[in-house]
Structure formats: structure tokens, C-alpha cells
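Peer 1: Next come a sequence and a model predicted from it.
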Amino acid sequence: MCCDTKHFRHSRILIPTLLAALVLAMLAGCQSMPSSKSDDSLYRALGARAGISRIDTRLILNIAADRRVSGYFRDTDIDRFHRMFTDYICALTGGPCNYSGDNMVDAHRGLGIDSAAFNAIVEDYIKAMNQEGVPTVTQNRLLARLAPLHSQIVGNHPEPSPEIMQLILGHDPMYRYIDPKL
Ligand code: HEM
């Protein structure tokens, strides 16, 4: 069986084909990973997923006590938020977590978050990191990754209600000239 030439010819084709498929699959997997995956030092400095989870528990308690922002979370499933937020920070800092929630634009669409609210959440996060004894240098590394999210989270103004849309689309003959981006 081992020396059957037909079988040998097949394995000569099959093995390189399988290897090529394996390499392609690995490359495809790498492409879907965030670039920060290659450096997990910030993730480890925060205490890995367990450390990030503790910081996020503190964050939620701080938000609950912060009248500037607590109202935004009135209808939120807090357990899910904690899990999603922890996975997000884990992945953002190079950890091996698979964030399965919405992207930052979709997650905050329609909440009407302004810069003051964004800064308040960042303050609550800094307070949470201080409560967990995270060194300032590590805090600054994380804040540098959160800051660029400002443009995705702030300014997602509430969308017009269906009633308003019906009024515009149903009765105003000029609606088709309205720039949908306005
Ligand atoms: C500092 C950067 C921020 C990050 C990294 C962040 C991250 C996240 C994540 C990962 C989720 C979960 C999305 C999902 O469930 O699919 C989420 C949801 C949410 N975020 Fe943020 N967020 C940030 C800032 C803010 C701010 C400034 C506010 C308001 C003051 C806010 C309010 C909310 C609310 C209310 C939800 C839950 C929405 C719902 O119930 O569906 N976030 N955020």
C-alpha cells in the first residue's frame, strides 16, 4: 500500500494542497484580528481579562453614582454591557478576546452623546483605574487608545422619530430634494 505509485502521486498533490489551504486559513484568521493583537503588553499591564473586568465593575458603579451620565444607561442590560465592555477593552489592548458587540458608531447611535458626557465617562474610568491601583503610565496608555473613539461615539444625534419621517416623506413634495446626509 505504501508503495502504490498512484497513491503516492495523489499524496504528492494532496499534501501540498492541504498545506496551502492551512496557510491560507491562518492568513485569513490573522487579517480579521485587530492590529494590537501582536502586542499584548497593555492587556497584561491591566491584569489581563480578570483585571479589566474588575476595573469595569468599578466603572459601572461610578457611572451609577454619576448624575452627569447615569441617565444614558437607564434602559441598558448592565450584565451584557459589563461583558461587552470588558471584551472590547480586552481586544483593544491586545488581549485574546473576541468582541462580538456592535461597532462604536452603532452602539452609541441615537443616544445623543456630547463631549461633556464623553469626558465624564473617561473621568469615571480614570477613577475606576485609580480604585484598582492601575499605575498612571498604564492609565495613560489606555486613555491614548480610548481618545480616538471620541469621533465615533460623540455626535450620533437622535434620529428623527418615525412620525416625523412620515410627515416629511409622506406630505412634503420637496422631500426628494433633501440631502439625506443633512
Ligand atoms: C469611552 C469610550 C467608550 C467605549 C469604549 C464604549 C464602549 C461600549 C461598548 C463596548 C458597548 C456595548 C455595545 C453592545 O452591547 O453591542 C457600549 C454600550 C453603551 N455605551 Fe458606550 N462606550 C464609550 C463611551 C460611552 C459614553 C461617553 C456613553 C454615554 C455617556 C456611553 C453609553 C453607552 C450606553 C448607554 C450603552 C448601552 C446601549 C444599549 O443599552 O444598547 N458609552 N459602549
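Peer 2: Now that the structure is in, tell me what you want to look at. The structure displayed is predicted, hence computed values, not measured ones.
Peer 1: Ile113 reaches Gln152, doesn't it?
Peer 2: No: shown here, Ile113 and Gln152 do not form a contact pair, counting by CB atoms under 8 Å, at 10.3 Å. (Each C-beta comes from the backbone N, C-alpha and C, glycine too.)
Peer 1: More neighbours: these two, which one.
Peer 2: Taking other CB atoms under 10 Å, Ile113 and Gln152 do not tie; Ile113 has more neighbours (20 against 14).
Peer 1: domain parsing for this protein?
Peer 2: 1-32, 37-162 (automatic domain parsing).
Peer 1: wait, does the last one contact the ligand?
Peer 2: The reference is to domain 37-162. Yes: interface with the ligand: domain 37-162 contributes 69, 72-73, 75-76, 80-81, 84-85, 88, 101-102, 107-108, 111, 113, 117-118, 121-122, 146, 149, 153 (CB under 6 Å from any ligand atom).
Peer 1: How about the one residue in the chain that gets nearest to the ligand: what's its closest non-neighbour residue?
Peer 2: Nearest to the ligand, among the residues of the chain, is Gly101, at 2.7 Å (CB to the nearest ligand atom). Leaving out its chain neighbours, the residue that sits closest to Gly101 by CB to CB, 6 or more residues apart in numbering is Met84, at 4.1 Å.
Peer 1: repeat for Leu146
Peer 2: Once flanking residues are discounted, Leu146 sits nearest to Val122: 6.6 Å by CB to CB, 6+ apart.
Peer 1: And Gly47, what's its pLDDT?
Peer 2: Gly47 is assigned a pLDDT of 98 by the prediction.
Peer 1: hang on, isn't it packed against Ile89?
Peer 2: No: with contacts counted by CB under 8 Å, Gly47 stays clear of Ile89, the gap being 11.3 Å.
Peer 1: Give the residues shared as contacts by those two.
Peer 2: Residues touching both Gly47 and Ile89 (CB atoms under 8 Å, 6 or more residues apart in numbering): Ile55.
Peer 1: Helix, strand, or coil at Gly94?
Peer 2: The assignment at Gly94 comes out as coil when based on DSSP: H, G, I helix; E, B strand; the rest coil.
Peer 1: burial count for it?
Peer 2: Residues lying near Gly94 (other CB under 10 Å) number 20.
Peer 1: Test my guess that it contacts Asp39.
Peer 2: Yes: taking contacts as CB under 8 Å, Gly94 lies within contact range of Asp39: 5.2 Å.
Peer 1: in this structure, which helix or strand is least confident?
Peer 2: Lowest mean confidence among the helices and strands of the chain (mean pLDDT, DSSP states H and E): helix 5-31, at a mean of 43.
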